[in-house]
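Novice: give the three-dimensional model of this entry:
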Amino acid sequence: MDEQNKNLFLATALSFVVILVWFILFPPPEPVEDPNAPAEVTQTVPATDGVATTPSVAPGGTPAPEAAPDPLADAPRLPLETPRLEGSISLAGGRIDDLRLKDYTVSLDSDEIVQMLDPVGNDTAYYVLYGWAPGNGVAASEAPGPNSAWTVESGEKLTVDSPVTLRWDSPAGLIYRRTMAIDANYMFTVTQTVENTGSAEISLAPYGVIARHGEPDSKKFFVLHEGAMQMSDGILEQITYGDMPDMDVDPGEGIRASVQRVSETGWVGFTDHYWMAMMIPGNDQPFKSVVKYDQASDIYQAEAVMATVTVAPGQTQSVSTQLFAGAKEWETIKEYEAQGVDRFIDSIDWGWFFFLTKPIFAVLHWLHAQIGNMGLAIIALTVLLKALLFPLAYKSYASMAKMKELQPEMEKLKERAGDDREKLQKEMMALYKEKKVNPAAGCLPILLQIPIFFSLYKVIFVTLELRHADFFGPFRDLSAPDPTSIFNFYGLLPWAAPEAGSILALVFIGILPLLLGISMWLQQKLNPAPADPAQQMIFAWMPWIFMFMLGGFASGLVVYWITNNVITFTQQYLIMRSHGYKPDILGNIKGKKAEAAKK
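Specialist: Okay, here's the model as predicted:
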C-alpha cells in the first residue's frame with residue numbers, strides 16, 4: 001500500500017475509533033422521571049468566623065394528612081410580568097417559584113412556553129428562597145422562615161418599571177423587607193432589609209437558596225454539563241447531579257456538600273441544557289458558596305450565605321443580591337459580564353477546548369447575524385475554517401502528489417530490498433530526504449480537524465442559539481438530527497418518519513447523512529483503490545459506516561461535515577492537478593466496478 005493510502009487509512013481509522021469509542025463508552029441513557037419530595041427549609045445560627053453556616057433542607061418531617069390543605073398552594077401570589085418573563089411570587093416565604101420564558105416553547109410544534117421555576121407540589125419543584133439566619137440576640141422565631149406569611153408593602157405587580165416590596169414583622173417587632181426588581185431580560189435584584197426596633201444589638205446573616213426537588217430530567221451526555229456550578233474568585237467548579245451525593249463535606253446525616261469561600265467575586269446555582277438559575281452576590285461582598293444534596297428528602301441546593309451583619313437599636317441594614325433565572329443566551333450573558341458579573345460567560349459549558357469553542361461560536365454568532373440563516377452561517381464558518389487551514393492543506397496535498405510521483409522508485413526499492421525490511425526503511429527515508437518529501441504530512445490536516453470537529457459539535461450541542469435554529473424546508477432545528485427519512489421517501493409517502501433516536505431512524509437515514517456518505521465516497525475516489533483486497537473492503541465500507549454513525553448527530557454538525565468534505569475534495573483535486581497529477585475519478589470508480597465484476 002502506497003504512503004498516500006496509508007495516511008488516508010490511518011486518519012480515517014483514527015476518526016472511526018474516536019467516534020466508535022464515544023458511542024460505546026458514553027451512550028445517552030434513558031431519561032429518568034423526576035421524583036417530588038417537598039420539605040421545609042430550616043436555619044442555623046451563624047458561625048463564629050463571621051460567615052453563617054448554610055441554611056439546609058431538613059430531611060423528612062411528618063407529612064400532613066392528605067385532606068389537609070397545602071399552605072404553599074393556598075398562599076396569595078404577586079404577579080410577575082416582563083416582555084420576556086411571566087409568573088408569580090408566593091407570599092409564603094416570599095419565594096420566587098413560578099417563572100416561564102415567553103420567548104421559548106417546549107418544542108417546535110407546541111405553543112407551550114418553557115417553565116423555568118416551579119412551585120412545591122409539582123413534579124419539578126424548583127424555586128428560590130431568601131432569608132436571614134438568626135445570630136446573637138435573635139431567636140429562631142424572630143427571623144422569617146421559608147413558609148412565613150409575607151405581606152405586600154408596595155407594588156401590585158413586578159415589572160421592569162415597577163419593583164415590589166414585601167414585609168414581615170417578627171413577634172418582637174423586628175421589621176424585615178424584601179424589595180424585588182427585574183430588568184428587561186432575566187436578572188432580578190433582591191434587596192433584603194432588617195430594621196431593629198428593639199433596645200439591644202442583634203446580628204443576622206442574609207442568605208439566598210436555589211432548591212430543586214429530585215434530579216431533573218436531563219440529557220446525561222458527557223459532552224454537556226448539567227448540575228451545580230460555583231464560580232469562586234475566578235475558579236469554576238462543576239458538579240453533576242450524579243456526583244453531588246459523593247461530595248466531600250458532610251454537614252449532617254444524609255447530607256453532602258461542597259463549600260467554597262468567596263472573598264471578591266463569584267456566583268452559584270444550577271445549569272440545565274439551555275436554562276440556568278444563578279445566585280450572584282455583589283462584587284467585593286464576601287460570601288460562602290455552598291452546593292448541597294440532602295439524600296433523605298432528595299433535594300439539591302445551591303446557596304449563597306453572606307457575612308453576618310450587626311444591627312444597632314433603631315438602625316437598619318440592607319444587603320442586595322442578584323439572581324439570574326432564564327435562558328443561557330450568549331449575548332445576554334456577555335452583557336451581564338460587561339456589567340460586572342465576573343466570568344459569567346463561563347456559565348455556558350465550553351468544555352476542554354474552550355480556546356476553540358469560544359471563538360468558533362463568536363464567529364458563528366456574527367455570521368448568523370449577518371446572514372440570517374444558521375445553516376448558511378455554519379457553511380460560511382466551514383469555509384473560513386478551511387481557509388485558515390489551507391496553508392497546511394496545501395503542503396499536505398502537495399506532499400501526497402509528490403508521493404505519487406515517487407511510486408515507481410518506491411517499487412524498485414521494494415524489489416531490491418526483498419524481505420529485508422530494515423534496509424527498505426533506510427532506503428525509503430533516504431529517498432524522502434533526497435526528494436524533500438514528508439510522508440506524515442498527509443495526516444496533519446485531518447488530525448487538526450478532529451479538535452475542530454469536537455469543538456463545533458460542542459458548540460452546536462450546547463449553545464441555546466442552535467436550539468430550533470432554522471435552515472430550510474424540513475430542517476427547522478439544527479441542534480436535532482435530520483428529520484427526513486428514506487422510510488417515507490423523504491416525505492413523499494403518506495406516513496411519518498421513524499421517531500428520532502430510534503433504531504429505525506438510524507437505519508432509515510435522512511437526506512443529510514446520505515449526502516455525507518456520498519461526499520466521503522467521492523473524496524475517496526480521488527485515489528485508486530489499494531491493491532490489497534482487505535484494504536479495498538475497508539475503504540469501500542468506510543463512507544457508508546460513517547454515514548450511519550453520524551446520521552443521528554445534530555443536523556448542523558452534518559451540514560458542517562458535508563461542506564468540509566466538498567471543500568476538501570475541491571482543494572485536493574486542484575492541488576494535485578497543479579503538481580502534475582490528474583486524479584482519474586471516473587476511472588477509479590469504473591476500476592472498482594470492473595474488479596468487482598471479475599470476482
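Novice: can you show me the helices along this protein?
Specialist: According to DSSP state H, the chain carries its helices in the segments 3-25, 330-338, 354-371, 374-388, 390-405, 407-417, 421-435, 444-462, 503-507, 511-524, 533-550, 555-578, 585-598.
Novice: pLDDT weak spots in the stretch 101-250 of the chain?
Specialist: Along the stretch 101-250 of the chain, the model assigns pLDDT under 70 to residues 220.
Novice: which parts of it are strands?
Specialist: In the stretch 101-250 of the chain, the segments counted as strands under DSSP state E, counting those that start in this stretch are 113-117, 126-134, 151-154, 164-169, 175-182, 187-195, 202-213, 227-232, 235-240, 249-252.
Novice: residue 274 is nearest to which of the ones you listed?
Specialist: Closest approach to residue 274 among the strands of the stretch 101-250 of the chain (C-beta to C-beta): strand 113-117, 8.2 Å. Every C-beta, even on glycine, is put in place using the N, C-alpha and C of the backbone.
Novice: name the strands paired with that closest one and say parallel or antiparallel.
Specialist: With DSSP bridges as the test, strand 113-117 is paired with strand 95-105 (antiparallel).
Novice: contacts for the partner strand?
Specialist: 77, 80, 83-90, 111-120, 125-130, 146, 180, 188, 274-275, 323, 325-327, 467-468 (C-beta atoms under 8 Å, 6 or more residues apart in numbering).
Novice: which of those count as buried?
Specialist: 80, 84-85, 87-90, 114-120, 125-130, 146, 180, 188, 274-275, 323, 325-327, 467-468 (16 or more other C-beta atoms under 10 Å).
Novice: which non-adjacent residue is nearest residue 561?
Specialist: The shortest distance from residue 561 to any non-neighbouring residue, by C-beta to C-beta, 6 or more residues apart in numbering, is to residue 516 (5.6 Å).
Novice: and the one you found, how close does it get to residue 90?
Specialist: Taking C-beta to C-beta, to the nearest Å as the measure, residue 516 falls 51 Å from residue 90.
Novice: tell me the bridge partners for residue 475.
Specialist: residue 472.
Novice: got it, and residue 305?
Specialist: Note on residue 305: beta-bridge partners by DSSP bridges are residue 207, residue 288.
Novice: neighbours of residue 212, how many?
Specialist: Neighbour count of residue 212, defined by other C-beta atoms under 10 Å: 22.
Novice: could you pull up the contacting residues of it?
Specialist: By C-beta under 8 Å, 6+ apart, the residues touching residue 212 are 124, 125, 126, 127, 270, 299, 300.
Novice: what's the separation between it and residue 375?
Specialist: 35 Å.
Novice: got the contact list for the residue nearest the centre of the chain?
Specialist: Centroid-nearest residue in the chain, with C-alpha atoms, centre = their mean: residue 462, separated by 3.4 Å. Residue 462 makes contact with 223, 224, 273, 348, 349, 350, 351 under the criterion C-beta under 8 Å, 6+ apart.
Novice: related to what we said a few turns ago, dump the strands of the stretch 101-250 of the chain to CSV, plus distance to residue 337.
Specialist: Below are the strands of the stretch 101-250 of the chain laid out as CSV (distance: least, C-beta to C-beta, whole Å):
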stretch, distance to residue 337
strand 113-117, 21
strand 126-134, 21
strand 151-154, 32
strand 164-169, 27
strand 175-182, 19
strand 187-195, 12
strand 202-213, 20
strand 227-232, 11
strand 235-240, 13
strand 249-252, 29
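Novice: between the ones you listed, which one is closest to residue 413.
Specialist: Between residue 413 and the strands of the stretch 101-250 of the chain, the tightest spacing by C-beta to C-beta is seen for strand 235-240, at 54.7 Å.
Novice: can you get me a residue count around residue 578?
Specialist: Neighbour count of residue 578, defined by other C-beta under 10 Å: 12.
Novice: next: residue 510.
Specialist: So residue 510, with other C-beta under 10 Å, has 24 neighbours.
Novice: could you do the one 5 residues further on as well?
Specialist: Residue crowding around residue 515 was assessed by other C-beta under 10 Å; the count is 18.
Novice: nearest residue to it other than its sequence neighbours?
Specialist: Nearest one to residue 515, counting by C-beta to C-beta, 6+ apart, is residue 562 at 5.2 Å.
Novice: ok, that neighbour - contacts?
Specialist: For residue 562, the contacting residues are 512, 515, 516, 519, by C-beta under 8 Å, 6+ apart.
Novice: separation between the residue with the largest distance to the centre of the chain and residue 195?
Specialist: The C-alpha centroid of the chain is most remote from residue 416, which lies 57.7 Å away (C-alpha atoms, centre = their mean). Residue 416 sits 98 Å away from residue 195, going by C-beta to C-beta.
Novice: repeat for residue 213
Specialist: In this view, residue 213 and residue 195 are 33 Å apart by C-beta to C-beta.
Novice: give me the more crowded residue out of those two.
Specialist: Shown here are residue 213 and residue 195; by other C-beta under 10 Å, residue 213 has more neighbours (25 against 18).
Novice: which non-adjacent residue is nearest that one?
Specialist: Counting by C-beta to C-beta, 6+ apart, residue 125 is the residue found nearest to residue 213 once chain neighbours are left out, at 3.9 Å.
Novice: ok, residue 487 next?
Specialist: Spatially, and ignoring its direct neighbours in sequence, residue 487 is nearest to residue 508 (3.7 Å; C-beta to C-beta, 6+ apart).
Novice: quick one: the residue nearest to residue 255 when sequence neighbours are not counted from residue 120, how far?
Specialist: Spatial nearest neighbour of residue 255, excluding adjacent residues (C-beta to C-beta, 6+ apart): residue 294 at 5.1 Å. Noted for residue 294: a distance of 14 Å to residue 120, by C-beta to C-beta.
Novice: quick check: residue 262 touching residue 288?
Specialist: Yes. If you go by C-beta atoms under 8 Å, residue 262 and residue 288 touch, sitting 7.4 Å apart.
Novice: what is the neighbour count of residue 499?
Specialist: Counted by other C-beta under 10 Å, the residues lying close to residue 499 total 8.
Novice: which residues touch it?
Specialist: Residues counted as contacts of residue 499 (C-beta under 8 Å, 6+ apart) are residue 505.
Novice: so how far is residue 483 from it?
Specialist: As for residue 499, its distance to residue 483 is 10 Å (criterion: C-beta to C-beta).
Novice: ok, now residue 236?
Specialist: From residue 236 to residue 483 the distance is 36 Å (C-beta to C-beta).
Novice: the more surrounded of those two?
Specialist: Each of residue 236 and residue 483 has its neighbours counted (other C-beta under 10 Å); residue 483 has more, 20 against 14.
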